[in-house]
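Peer 1: next input, structure requested:
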Amino acid sequence: YQRGLRRYWFNFERGVVSPYQLYKYYIGEVQAVIPMKDWARFRQVFTYAYFREAFGNVFVPKPKAIDFVAGLRSWGCKVVLVSNNNPIHYEYCVRVSGQIFSKVDDCVLSHEVGYRKPDPEIWRVALEIAGSHLGRTIFPERVFCVDDKPENVDSFKALGGNGAVFKSVEDLKEDLGCFGFEFNRLRIPA
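Peer 2: Modelled structure (predicted):
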């Protein structure tokens with residue numbers, strides 16, 4: 001990964017580099033480190049199909065978080081998933097752990113819109129999409145952003161929004177309490 005993919009990663013997540021191009025770049029990079037005597041065997045095993053499966057197989061569903069998102073929607077909250085993603089990871093997530101996609105109102109995927117978090121443009125796209133679901137303009141101050149990376153939350157807050165870094169569902173309930181949610185009065189999955 002470090003040698004073969006890192007320099008192409010941002011463009012891959014922005015949709016500039018295709019999955020097959022990334023595979024070809026990777027093959028070119030690793031050719032320099034695999035001994036010549038092993039190269040033919042490597043190429044026989046390391047097909048594009050193998051690369052896609054191995055590369056995508058990094059996600060583990062988190063049922064508690066998925067249930068929490070479903071609970072938010074059951075209260076009428078609009079939930080838009082914003083992800084630095086790529087076609088391989090997205091396909092794998094849908095195939096293996098697609099339940100999160102059925103629990104949100106919409107998705108903003110970096111490889112589809114050409115922006116990656118923490119770029120503020122990806123948040124503007126998300127606000128526009130959320131507004132389209134509600135039939136009105138959505139202002140950042142009316143939105144709560146949750147992300148596992150502080151720089152992503154900070155970039156949304158710089159637009160005037162609210163947010164917290166995700167640590168656990170319990171911590172998120174506390175953070176959302178400051179935004180006006182009263183979890184003791186509403187039923188939501190633990």
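Peer 1: C-alpha from now on. contacts and neighbour counts both.
Peer 2: Noted.
Peer 1: report all helices and strands that the lowest-mean-pLDDT helix or strand in the chain contacts.
Peer 2: Counting by mean pLDDT, DSSP states H and E, the chain has its least confident helix or strand at helix 99-102, which shows a mean of 80. Of the remaining helices and strands, none touches helix 99-102 by 3 or more CA pairs under 8 Å, 6 or more residues apart in numbering; DSSP states H and E.
Peer 1: buried sites along the next helix or strand after that helix?
Peer 2: The first helix or strand that comes after helix 99-102 along the chain, using DSSP states H and E, is strand 106-109. Buried residues in strand 106-109, counted by 16 or more other CA atoms under 10 Å: 106-109.
Peer 1: where does residue 131 land on pLDDT?
Peer 2: According to the predicted model, the pLDDT of residue 131 comes to 93.
Peer 1: that one belongs to a helix?
Peer 2: Yes - with DSSP: H, G, I helix; E, B strand; the rest coil as the criterion, residue 131 is located in a helix.
Peer 1: that one against residue 142, yeah?
Peer 2: No - under the criterion of CA atoms under 8 Å, residue 131 makes no contact with residue 142, lying 11.1 Å away.
Peer 1: and these two? which has more neighbours close in?
Peer 2: Neighbours per residue (other CA atoms under 10 Å) separate residue 131 from residue 142, with residue 131 holding more: 15 against 10.
Peer 1: which residues touch the more buried one?
Peer 2: 137-138 (CA atoms under 8 Å, 6 or more residues apart in numbering).
Peer 1: roughly how far does it sit from residue 147?
Peer 2: 20 Å (CA to CA, to the nearest Å).
Peer 1: my read is residue 145 is in a helix, agree?
Peer 2: No - read with three-state DSSP, residue 145 is strand and lies in no helix.
Peer 1: wait, isn't it in contact with residue 163?
Peer 2: Yes - here residue 145 reaches residue 163: they are 4.3 Å apart, a contact under CA under 8 Å.
Peer 1: any common contacting residues for those two?
Peer 2: Taking CA under 8 Å, 6+ apart as the criterion, residue 145 and residue 163 both touch 153, 156.
Peer 1: nearest residue to residue 166 other than its sequence neighbours?
Peer 2: In this structure, residue 166 finds its nearest non-sequential neighbour in residue 148, 4.9 Å apart by CA to CA, 6 or more residues apart in numbering.
Peer 1: can you pull the pLDDT of the one you found?
Peer 2: 94.
Peer 1: before I go, just wanted to say thanks for your time.
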